[in-house]
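>>> Sequence and predicted structure below; questions after.
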Amino acid sequence: MSVQHGTMWSRYLRRLPLFAALAPEDTEALAAIAVLEEIPAGRRIWRQGTPGNRMIIVLRGQLEVTRVSAEGYLEPLGRLTSGDVAGESSLLLGDDHDATVTALTPVRLLSLPREAFQSLLRKRPTLAQGIRPREDICQALEAPRFHWQETGERVVLLQRRHPWVFWRGLIGPFLFAALITPTLQMLGLGLEFLISATVLSIAWVTWLWLEWRNDVLILTNRRLVRVERQLPFYERQESAYLDKVQDVSVERHGLAAAVLGFGQITVQTAGATGQIVFSHSPRPDAVKELVFRGVKRFAALQRAARRQNLESQLRQQLGMASPPAEPPAEDEPAVPAFPEPESRLDELALRLTHVINNGFPSLRRQEGDVILWRKHWGVLLRSLLWPGVAAAAIAGLPLFADTDLPTPVYLAAGFVLLIWAVWQAENWRNDVYVLTPDRVIDIKRLPLRLRTSQREGHLLNIQNVTYEVPGLLASLLNYGHVAIETAGQVGNFTFQAVFDPAGVQADIFRYSEACRTQWEARQQSTQGEALADILAAYERLRGETDGALTPNPPPPTRA
């Protein structure tokens, strides 16, 4: 880029509210990554539903902005002319585009690629501190990131219960503190009891605050999540994709709700339980509107994606040229699955890890696209408890009894206990939960194949997936129950006592969404082929009709 052009682009960028507060050197660095584009009339700049990868500034020409609504209507949103800007959320967040932008005339654009911009932010901290995004983008940038979020999924709303829930809970510790002091004085107890009571009151208040803080309703651009924690004993998470949301209602009960403006939000979903309930929500009507807005946006993006895929199928079936595609992203260098050992000790550690992973049943094993889970080790240890107690009792019998049993009796008892323990271990090993690219499978099998039970459900029938951590021990060992609600006749599934239930839930959601995407692609391909056949038949029949309507030539006359 020439110095003259760099200075010109710097002036353009300084006019934008996003970059108005930047230092001159930061603006010049930003201008250095700007790209000048010449776009012919009729070409799409970007499509609705595609990931955003740049921000554009219109230097010359006109652009039309349209979108496909959730109902399938094509809605014109306006036009962009010289000086207009589009794609701020694409530049800063990488969000999917909410609209399609098409050049009406030959257009000259100045674009800022997101990848180069993010790289520049990492190199120049003053640039990151000087930009002034819109308020909604600031909230999205400051939103927390959860381990279950998918690529491209971001938090739109994180709502906790109204502080009234916390204030109401403080009545207990304050009454305790008010009554304990005179009680201790009446009993003549010392200062150490007063300090202990004070510490107990502070711990009680802290527990109430954590209890209030950990109950949240989370809305992302793809799903609605309800998290409930009762420290340290219980945790439950409910999730539903936005296309499963059917209705949202708000209820207010009591004088406090009317005065303080909180209420109960009930979200009707397509799952078997059918509801996600969040009580004492501040501004419940605003939350309701935000959920409905997210549902409509999600439905519109899905509708636009289906229409785009159908258009691509028709182009292919009719032999039409495809529009120019964006250059594919460069492949990242492959990372070896296992690092090369740097020393003899590292080599021994790798061998030991290999023996453990292959010699003992793992709680989660993935082979290709198939994931297999077993119940937690705690379930196995609990099933081995009674054989262990019996073995300890028999071994300690000579120490606590005057009589000693014959050696054959000890051997026989040891053999029976060994068989019992092996049976329990094999029974634990044979109960597995399997996730394939299109099915979820629950297999229960007794040792020696005395009885086998296998239930399968298609991923397309999954309506909702929730997990529950039932107690303190489960929380410490990170295991819980995962409930899968389906719309099929096989009923619901429950993966009991699986390790990392949040990860299991995320895997099931990920596979379910991938399966649904593939199914929709196949359906759209079939529809495209059928529509292409209809169009071809129509063209052929129209040709025959045009030929039939052509007047017959007059008969030849005799000389």
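Yes, it's here.
>>> per-residue confidence averaged over the helix or strand where Ser525 lies?
Assigned by DSSP states H and E, Ser525 belongs to helix 501-549. The average pLDDT within helix 501-549 is 79.
>>> next one: the one helix or strand Thr66 maps to to chain centre, how far?
If you go by DSSP H and E, Thr66 is part of strand 63-68. Counting by Cα atoms, centre = their mean, to the nearest Å, strand 63-68 is centred 29 Å from the centre of its parent chain.
>>> can you check stretch 215-224 too?
Distance, stretch centre to chain centre, for stretch 215-224: 9 Å (Cα atoms, centre = their mean).
>>> Now the terminal residues of it, how far apart.
Start and end residues of stretch 215-224 are separated by 14 Å (Cα to Cα, to the nearest Å).
>>> And the most centrally placed residue in the chain, which helix or strand is it part of?
The chain has Gln149 as the residue nearest its centroid, 3.6 Å off, counting by Cα atoms, centre = their mean. Counting by DSSP H and E, no helix or strand carries Gln149.
>>> again, but for the one 10 residues further on
Remark: Gln159 resides in strand 155-160, with elements defined by DSSP H and E.
>>> Who are the packing partners of that strand?
Using 3 or more Cβ pairs under 8 Å, 6 or more residues apart in numbering; DSSP states H and E, the elements in contact with strand 155-160 are strand 216-220, strand 275-282, helix 284-318. Using the backbone N, CA and C atoms, a C-beta is placed for each residue, glycine as well.
>>> picking up where we left off before, tell me how many other residues crowd the residue nearest to the residue nearest to the centre of the chain when sequence neighbours are not counted.
Excluding its sequence neighbours, the residue lying closest to Gln149 (Cβ to Cβ, 6 or more residues apart in numbering) is Thr220, at 6.8 Å. Thr220 has 24 neighbours, counted by other Cβ atoms under 10 Å.
>>> Let me know whether Thr220 touches Leu158 as I believe.
No. In this structure, Thr220 is not within contact of Leu158 by Cβ atoms under 8 Å, at 9.7 Å.
>>> for the nearest residue to Gly130 once chain neighbours are set aside, what are its contacts?
Excluding its sequence neighbours, the residue lying closest to Gly130 (Cβ to Cβ, 6+ apart) is Leu22, at 4.4 Å. For Leu22, the contact set (Cβ atoms under 8 Å, 6 or more residues apart in numbering) comprises Leu13, Arg14, Leu30, Leu127, Gly130, Ile131.
>>> One more pass at 10 Å, please.
By Cβ atoms under 10 Å, 6 or more residues apart in numbering, the residues touching Leu22 are 10, 13-14, 16, 28-30, 124, 126-127, 129-132.
>>> Pretty sure it sits in a helix.
No. Leu22: not assigned to a helix; according to DSSP: H, G, I helix; E, B strand; the rest coil it is coil.
>>> any idea how far Glu38 is from it?
For Leu22, the distance to Glu38 equals 27 Å [Cβ to Cβ, to the nearest Å].
>>> do the same with Glu25
29 Å.
>>> Over to Arg15?
22 Å.
>>> Now the closest residue to Phe262 other than its chain neighbours: phi and psi?
In space, and not counting its chain neighbours, Phe262 is closest to His162: 3.9 Å by Cβ to Cβ, 6+ apart. Here is the backbone geometry of His162 (degrees, to the nearest 10): phi -60, psi 140.
>>> Isn't Phe262 up against Ala286?
No. Counting by Cβ atoms under 10 Å, no contact exists between Phe262 and Ala286, whose distance comes to 11.6 Å.
>>> okay, those two: which has more neighbours?
Using other Cβ under 10 Å as the criterion, Phe262 and Ala286 rank with Phe262 on top: 22 against 14.
>>> Show me the beta-bridge partners of the more buried one.
Here Phe262 sits in beta bridges with Pro282, as judged by DSSP bridges.
>>> got it, and Tyr241?
With DSSP bridges as the criterion, Tyr241 is bridged to Arg223.
>>> Isn't it up against Arg223?
Yes. Between Tyr241 and Arg223 there is a contact under Cβ under 10 Å: 4.7 Å.
>>> where does this protein have its least confident helix or strand?
Least confident helix or strand of the chain, by mean pLDDT, DSSP states H and E, is helix 344-359 with a mean of 55.
>>> which element follows that helix toward the C-terminus?
Next along the chain from helix 344-359, counting by DSSP H and E, comes strand 364-367.
>>> Quick check: which ranges of the stretch 151-300 of the chain have low pLDDT?
190, 232, 271-273 (pLDDT under 70).
>>> if we go to 90?
Within the stretch 151-300 of the chain, the ranges that satisfy pLDDT under 90 run 151-153, 173-201, 210-211, 214, 228-241, 243-244, 246, 253-254, 269-275.
>>> For Leu384, the count of nearby residues, please.
For Leu384, the number of neighbouring residues by other Cβ under 10 Å comes to 17.
>>> Renumber starting at 200 from here on
Okay, using 200 as the starting number, the last item reads as Leu583.
>>> pLDDT score for it?
Leu583 is given a pLDDT of 89.
>>> how near is it to Leu276?
65 Å.
>>> How about Arg313?
Using Cβ to Cβ, Arg313 is found at 22 Å from Leu276.
>>> quick one: which of the two has more around it?
Each of Arg313 and Leu276 has its neighbours counted (other Cβ under 10 Å); Arg313 has more, 19 against 13.
>>> Quick check, pLDDT for the more buried one.
pLDDT for Arg313: 93.
>>> And it, how close does it get to Asp442?
27 Å.
>>> Quick check, the residue nearest to the centre of the chain in contact with Arg422.
Yes. Counting by Cβ under 10 Å, Gln348 does reach Arg422; the two are 9.5 Å apart.
>>> Stretch 315-325: how far from the chain's middle?
27 Å.
>>> so what are the domain limits for the protein?
When the chain is parsed with automatic domain parsing, its domains come out as 202-334, 354-491, 552-714.
>>> Going by secondary structure, Ile464 is in what exactly?
Going by DSSP H and E, Ile464 is in strand 461-468.
>>> In that strand, which residues are buried?
For strand 461-468, burial by neighbour count (16 or more other Cβ atoms under 10 Å) applies to Phe461, Gly462, Gln463, Ile464, Thr465, Val466, Thr468.
>>> Next, the angle from it to helix 483-517.
20 degrees (axes from the mean of the first three to the mean of the last three Cα atoms, to 10 degrees).
>>> Spell out the residue ranges of the helices in the stretch 500-649 of the chain.
Remark: helices assigned in the stretch 500-649 of the chain by DSSP state H, counting those that start in this stretch are 543-558, 576-582, 584-594, 596-599, 606-629.
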